[in-house]
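>>> pasting the structure only:
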């Protein structure tokens, strides 16, 4: 099954384009392939971060959630500084 693709145009500074071209050349890949890899990695990281944030929000809103005052946090940090 062929994958569906869409087209988009992105303007970048010439210096960035030259760096991308150099990386693509060193990998023997096209600039298009390199940009798609970068987008894939960004989307993976974004999804991971979003999931982790939601997990922590769920924990913090639970009935067993525990919070510390800023004074408690500073006191704990000071222990590590000593």
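Thanks, I have the structure now. Computed from a predicted model, the values in this text were never measured in an experiment. Numbers count the residues shown, from 1 in each chain.
>>> Tell me where the model's unsure across the chain.
Along the chain, the parts satisfying pLDDT under 70 run over 1-2.
>>> what are the ranges of the helices in it?
Assigned by DSSP state H, the helices in the chain fall at 14-26, 31-60, 70-81.
>>> what about these, which gets the closest to residue 8?
In terms of C-beta to C-beta, the element of the helices of the chain nearest to residue 8 is helix 31-60, at 9.9 Å. The C-beta positions use only the backbone N, C-alpha and C, and glycine is treated the same way.
>>> Can you check what angle separates that closest one from helix 14-26?
Direction vectors for helix 31-60 and helix 14-26, defined by axes from the mean of the first three to the mean of the last three C-alpha atoms, to 10 degrees, enclose an angle of 100 degrees.
>>> so how far is helix 31-60 from its chain's centroid?
Going by C-alpha atoms, centre = their mean, to the nearest Å, the spacing between the C-alpha centre of helix 31-60 and its chain's C-alpha centre is 5 Å.
>>> Going by neighbour count, list what's buried in it.
Neighbour-count burial for helix 31-60 flags residue 34 (criterion: 16 or more other C-beta atoms under 10 Å).
>>> still on that earlier bit, CSV please, covering the helices of the chain and showing distance to residue 7.
What follows is the helices of the chain, written out as CSV (distance: least, C-beta to C-beta, whole Å):
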stretch, distance to residue 7
helix 14-26, 18
helix 31-60, 10
helix 70-81, 49
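>>> For residue 39, see how far away residue 53 is.
Relative to residue 39, residue 53 is positioned 21 Å away (C-beta to C-beta, to the nearest Å).
>>> Let me fix that, I meant to ask about residue 55.
When residue 55 is compared with residue 39 (using C-beta to C-beta), they lie 25 Å apart.
>>> burial count for residue 62?
Using other C-beta atoms under 10 Å, residue 62 is surrounded by 9 other residues.
>>> Residue 55 versus that one, what's the distance?
In this view, residue 62 and residue 55 are 11 Å apart by C-beta to C-beta.
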